[in-house]
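Colleague: below is the structure, and that's it, no one-letter string:
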């Protein structure tokens, strides 16, 4: 949501007003991740963005709508951009590598990685936000990666696998490395008994290693047997 700025308003004020939605989202994300969604007051977000509480509500009419906007901006829009970038006839392996290494590394290096901690720790108490996150993030990401996997299987580049399970295998470790960065990874041990190198995970290295392992497991091999998926028990 954005407001129209009259041309008569000085240019520096127009730039300030046009930047406000982004400033509010940045402030909201930082505070939500640090303090938790429920514990963060709207006044704190407004103050961190340098505006009044009334101005915050002009752009985002409730704290729940602000959180949805955070999810949409930092995750949903990125998934849509990735889907557009992979809408080509290129190799499915190259497409997956691009999405899973380049996209996730950029996400890990950005404040957006904190959205996962925010969602995982908060959505149980906010079912409307949980439904929004599932629809706008989980399902869109699943459709994107599932489509690439199905294309690779159809072209003989990937072995036949259960696509839904494969998508979870691809994504969940990457979600966890982002979650780790904003939980344990943000805490140095206070007792001095554990070396920081043992406490800290190199997220960028982990992402690359994980993707290479999974792509190696997906690669079709001559003479390999199709996976066996047991039938559900008969009632």
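Modeller: Received, thanks. What you are looking at is a predicted structure, and each value in this text was computed from that prediction instead of being measured. Numbering: from 1, shown residues only.
Colleague: next, name the residue at the spatial heart of the protein.
Modeller: residue 75 (4.6 Å; C-alpha atoms, centre = their mean).
Colleague: how about that residue, nearest residue that isn't a chain neighbour?
Modeller: Computed as C-beta to C-beta, 6 or more residues apart in numbering, the closest residue to residue 75 that is not its neighbour in sequence is residue 137, at 4.9 Å. Quick note: C-beta positions are derived from backbone N, CA and C, even for glycine.
Colleague: repeat for residue 83
Modeller: The shortest distance from residue 83 to any non-neighbouring residue, by C-beta to C-beta, 6+ apart, is to residue 144 (4.9 Å).
Colleague: and the one you found, how close does it get to residue 160?
Modeller: 20 Å (C-beta to C-beta, to the nearest Å).
Colleague: just residue 80 next, same as before
Modeller: Relative to residue 160, and taking C-beta to C-beta, residue 80 is found at 29 Å.
Colleague: got it, and residue 101?
Modeller: Distance from residue 101 to residue 160, counting by C-beta to C-beta: 24 Å.
Colleague: between those two, which one's more packed in?
Modeller: More crowded of residue 101 and residue 160, by other C-beta atoms under 10 Å: residue 101, with 18 against 14.
Colleague: tell me the contacts of that one?
Modeller: Residues near residue 101 by C-beta atoms under 8 Å, 6 or more residues apart in numbering: 207, 208, 211.
Colleague: does the first one lie in a helix or a strand, and which?
Modeller: Following DSSP states H and E, the helix or strand that holds residue 207 is helix 203-218.
Colleague: give the buried residues for that helix.
Modeller: Buried residues in helix 203-218, defined by neighbour count with 16 or more other C-beta atoms under 10 Å: 203, 206, 207, 208, 210, 211, 214, 215, 218.
Colleague: now do stretch 55-63
Modeller: 56, 59, 60, 63.
Colleague: stretch 87-103 too?
Modeller: Residues 92, 93, 95, 96, 98, 99, 100, 101, 103 are the ones in stretch 87-103 that count as buried (16+ other C-beta under 10 Å).
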